[in-house]
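Engineer: any chance you could fold what I've pasted below:
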Amino acid sequence: MAERLPDVTSPVALARLGLSRSWVLVALLGASLATPARAQTTVVRRVDIERAGWNRVSEILDGAVGWGRATVDGFTYSASPDHLPAAGESAPSMPEWIVVLDGQRVPTDLFGLHVLELLPVSVGQIDSVIFTRGPVIYAGRPAARGVMSIFSRRFHPGFNGESTYQHGDETGDPGPYRYTNLSSPNVEKIGPFAHGDVGWRGPSWDVDAGVHIASINITDTLISSRFPPSTFAGVRQDVLSITPTFRAGVDALGGRHELMASRGEQRGLFFIPPQRGEQSLRTTNTYVGIDGSLNAGSAATVTYEGSASSLDASELASPLAFTVGHTRRHVGGKFSATHQVGRAAVTLGGLADRWTLDAPVAQGSPSSSGGGPFARALLPLGSTLTLDASTALIFDGAHSGALDASLEASFRLDSLTSLAIRGSRVHAHPNMDGSWIDAYLLGYALPRQDPTLNAASTAFVRRFAPYVAATIELRGENIADWSGLTVPASRSLPSPPDFQPHRAIIFSQHARIETIGEHVWQGSIEYDHAGTFDRDAPFASELASQPADDLRAQASVTPVRDFRVSGIVNLSGGSRWDAFGTANGLPAVVPPVRRVDASMEKWMWQRRFRLELLYRNLLNEPDRTHPFGAQWNLRWHVSASLLF
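Structural biologist: Below you'll find the model as predicted:
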């Protein structure tokens with residue numbers, strides 16, 4: 001099946017998707033220089049998903065090297081693309097990264113956590129994922145923190161279908177002895193994880209329907225010890241998500257038009273970082289979106305996008321206090337026209353977003369909106385230089401227009417070497433992205449100044465051998481007017497947020513070496529280091545919630561046809577969470593992650609049936625990313641997939 005990465009040979013296609021030639025270097029230089037991703041981006045391909053054994057969308061965050069990741073239950077994640085404080089260390093209403101699925105922006109953020117299992121896509125439908133660090137203007141949309149962009153797989157002609165089932169467990173699990181005096185401390189149950197879809201692709205249309213299901217037990221002692229026994233016994237001790245999806249597409253009017261719809265539901269304990277505790281919730285996400293393009297002439301393309309979504313959080317029966325019941329509704333759209341002049345392309349368009357809150361604590365239905373015009377110019381200058389300029393003028397509620405902009409220059413030094421230089425400036429837009437809702441529900445006032453993020457980066461890409469390429473990136477970012485959530489470690493309840501404007505300069509170095517093409521041996525190693533300076537003491541303590549170092553190495557070998565053995569090493573630094581202090585007044589500490597995984601895969605029946613045995617955390621080292629989160633031991637998974 002063909003991947004959904006953009007066609008980089010067409011400036012019109014690039015302008016339509018908002019991706020420049022140096023953004024997706026895997027595709028950008030593919031004709032003459034196969035390289036890894038450029039500055040600010042990490043690409044996760046289908047082969048990476050398979051050998052890592054990922055069966056849930058949220059697990060793909062493991063492949064975003066340099067993005068600080070944190071989870072309590074292994075289900076919902078917060079992530080920091082830029083080393084800024086994690087959810088719970090930053091004040092509610094601070095900007096978050098966004099998720100884009102096949103060009104459609106899908107809201108996933110709830111109190112700083114991203115509910116990715118409710119996306120209208122399952123892992124089996126994903127071809128590739130591009131993680132882009134902000135600030136950036138993505139397809140005309142300002143993204144202050146970053147973008148997770150998911151590209152789905154295309155069907156082959158005729159009838160299509162896929163089903164996958166995965167189950168796993170941990171060492172030390174007491175099994176039938178859980179409720180006896182022989183029970184061990186570890187009682188996590190992992191899975192089942194499953195997804196399936198069926199569809200048909202005709203000459204100019206396609207349609208498919210599917211569902212993905214995931215369940216995980218979260219009774220780890222690091223979680224259960226925070227509850228009185230009587231309280232914990234009365235709550236749902238597992239998280240379960242079920243998301244049916246529907247898609248349809250048609251080729252018409254010289255372009256492609258697609259409809260996506262889903263209604264996902266997740267039930268169980270939901271950790272709310274600003275409250276530093278769980279609620280027993282049912283979270284439902286309903287999404288309907290359309291997008292497409294049409295030919296407006298031999299050198300012109302018109303694109304459109306529109307969506308409506310509803311994210312609802314409601315109470316499950318439990319003895320926990322319930323304070324966050326609400327429904328947040330989003331309606332958004334975008335329209336643009338691209339004209340090609342020779343090899344250059346110019347795009348003009350506009351976008352708008354509107355958010356509405358329905359909650360018992362709200363009088364009426366508070367709402368906000370934002371949007372404005374955007375423009376982009378892609379200018380190839382000769383055969384070695386390409387300029388890519390984007391700008392957006394955003395009117396965010398009562399605020400006057402804020403001008404966001406980015407400029408990138410891509411140099412092809414020779415047939416094996418390229419250089420990309422980028423600068424950008426993006427403001428936070430709480431009324432446009434709905435981040436004000438979190439602060440409103442939790443009783444916090446919005447800060448008087450919205451954060452502003454400025455970044456500059458340079459990336460050097462080189463192919464050293466026929467099958468080996470490398471990327472080296474240097475990046476700096478200046479953050480102004482960021483609000484923290486400073487809480488004295490001795491206090492058990494949150495204090496008012498620290499709305500003194502914080503600022504810092506964050507710098508990072510990123511390197512990646514990987515093999516190219518299909519060979520017996522394949523692998524990559526990727527490393528990211530971040531540091532800060534010019535910051536005040538309170539902000540320094542909040543920034544410490546993010547690991548400074550992140551390394552991921554993977555290698556696989558196919559000794560015989562249709563059989564692959566893989567090994568993966570994940571190393572990340574520890575972190576300190578001052579706002580999540582321990583009972584004795586000390587800051588909470590997350591130990592460094594030292595995880596080694598291994599997998600064996602076998603394809604059968606003309607590569608229509610696949611079996612995988614996966615071992616995670618072979619060293620049985622502490623594997624935890626949040627001070628209140630579960631700590632995973634050595635665990636195994638068995639997965640079976642059928643394609644037809």
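
Engineer: backbone phi and psi for Gly573, please?
Structural biologist: phi -70, psi 160 (degrees, to the nearest 10).

Engineer: for the stretch 301-450 of the chain, which segments count as helices?
Structural biologist: With DSSP state H, counting those that start in this stretch, the ranges of helices along the stretch 301-450 of the chain come out as 430-433, 436-442.

Engineer: please apply the same query to the chain.
Structural biologist: Assigned by DSSP state H, the helices in the chain fall at 11-17, 25-28, 46-52, 221-224, 229-233, 430-433, 436-442, 537-543.

Engineer: now the first one: mean pLDDT?
Structural biologist: In other words, helix 11-17. The pLDDT scores in helix 11-17 average 38.

Engineer: OK, contacts around Glu59?
Structural biologist: Contact analysis of Glu59 by CB atoms under 8 Å, 6 or more residues apart in numbering lists 52, 123. (Glycine included, C-beta is placed from N, CA and C.)

Engineer: look up how far Leu348 lies from Asp169.
Structural biologist: Using CB to CB, to the nearest Å, Asp169 is found at 55 Å from Leu348.

Engineer: and among the helices of the chain, the most buried is which?
Structural biologist: Mean neighbours per residue, mean count of other CB atoms under 10 Å, is largest over the helices of the chain for helix 430-433, with a mean of 26.

Engineer: that one - contacts with which helices or strands?
Structural biologist: Applying 3 or more CB pairs under 8 Å, 6 or more residues apart in numbering; DSSP states H and E, one finds that helix 430-433 makes contact with strand 344-358, strand 367-381, strand 385-396.

Engineer: contacts for it, please.
Structural biologist: With CB under 8 Å, 6+ apart as the contact definition, helix 430-433 has outside contacts at 93, 95-96, 98, 353, 355, 368-371, 394, 396-399, 436, 446, 450.

Engineer: for the stretch 1-150 of the chain, which spans come out with low pLDDT?
Structural biologist: Applying pLDDT under 70 to the stretch 1-150 of the chain picks out residues 1-39.

Engineer: typo on my end, it should be the chain
Structural biologist: In the predicted model of the chain, residues 1-39, 172-188, 398-399, 486-499, 582-585 satisfy pLDDT under 70.

Engineer: tell me which residue lies nearest the centroid of it.
Structural biologist: For the chain, Met148 is the residue whose C-alpha lies nearest the centre (CA atoms, centre = their mean; 4.2 Å).

Engineer: mind listing what the residue nearest to that one when sequence neighbours are not counted touches?
Structural biologist: Excluding the flanking residues, the one nearest Met148 by CB to CB, 6 or more residues apart in numbering is Val99, at 4.9 Å. Val99 makes contacts with 105-108, 114, 116, 119, 147-150, as judged by CB under 8 Å, 6+ apart.

Engineer: 6 Å instead?
Structural biologist: Residues near Val99 by CB atoms under 6 Å, 6 or more residues apart in numbering: 106, 108, 148.

Engineer: how close does the residue nearest to Trp577 when sequence neighbours are not counted sit to Asn570?
Structural biologist: Leaving aside its sequence neighbours, Trp577 sits nearest to Ala588 (CB to CB, 6+ apart; 4.4 Å). Ala588 sits 21 Å away from Asn570, going by CB to CB.

Engineer: and the two? Which one has more around it.
Structural biologist: Between Ala588 and Asn570, counted using other CB atoms under 10 Å, the more crowded position is Asn570 (21 against 18).

Engineer: hey, what's that one bridged with?
Structural biologist: As for beta bridges, Asn570 partners with Arg552, Arg595 under DSSP bridges.

Engineer: just confirm it contacts Arg552, I think it does.
Structural biologist: Yes - contact criterion CB atoms under 6 Å: Asn570 and Arg552 qualify, at 5.4 Å.

Engineer: surely Gly484 meets Glu542?
Structural biologist: Yes - contact criterion CB under 6 Å: Gly484 and Glu542 qualify, at 4.6 Å.

Engineer: quick one, which of the helices and strands packed on helix 430-433 is nearest to Asp623?
Structural biologist: Between Asp623 and the helices and strands packed on helix 430-433, the tightest spacing by CB to CB is seen for strand 344-358, at 36.5 Å.

Engineer: who are the packing partners of that closest one?
Structural biologist: If contacts are counted by 3 or more CB pairs under 6 Å, 6 or more residues apart in numbering; DSSP states H and E, strand 344-358 sits against helix 11-17, strand 326-341, strand 367-381.

Engineer: what residues are up against the nearest residue to Gly191 once chain neighbours are set aside?
Structural biologist: The shortest distance from Gly191 to any non-neighbouring residue, by CB to CB, 6+ apart, is to His167 (4.2 Å). Shown in contact with His167 (CB under 6 Å, 6+ apart): 191-192, 638.

Engineer: just the closest of the residues you listed to Thr221, please.
Structural biologist: Gly191 (20.4 Å).

Engineer: neighbours of the closest one, how many?
Structural biologist: Counted with other CB under 10 Å, Gly191 comes out at 20.

Engineer: what about it, distance to Tyr165?
Structural biologist: Counting by CB to CB - Gly191 and Tyr165 are separated by 9 Å.

Engineer: quick one: which of the helices and strands packed on strand 344-358 is nearest Leu613?
Structural biologist: Nearest to Leu613 among the helices and strands packed on strand 344-358 is helix 11-17 (37.7 Å), distances taken as CB to CB.

Engineer: got the contacts of His167 as a markdown table, with distance to Arg343 columns?
Structural biologist: Formatted as a markdown table, the contacts of His167 follow (distance: CB to CB, whole Å):
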| residue | distance to Arg343 |
| --- | --- |
| Gly191 | 51 |
| Pro192 | 51 |
| Val638 | 51 |
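
Engineer: relative to Ala409, which of those is nearest.
Structural biologist: Gly191 (47.5 Å).

Engineer: does that closest one really touch Glu170, like I thought?
Structural biologist: No - contact criterion CB under 6 Å: Gly191 and Glu170 do not qualify, at 11.2 Å.

Engineer: next step: the contacts of His167 restricted to strands.
Structural biologist: Using DSSP state E, the members of the contacts of His167 that fall within strands are 191-192, 638.

Engineer: measure the residue nearest to Val361 when sequence neighbours are not counted to Pro366 for me?
Structural biologist: Nearest residue to Val361 in three dimensions, chain neighbours excluded: Leu441, at 6.8 Å (CB to CB, 6+ apart). Per CB to CB, Leu441 is found 10 Å from Pro366.
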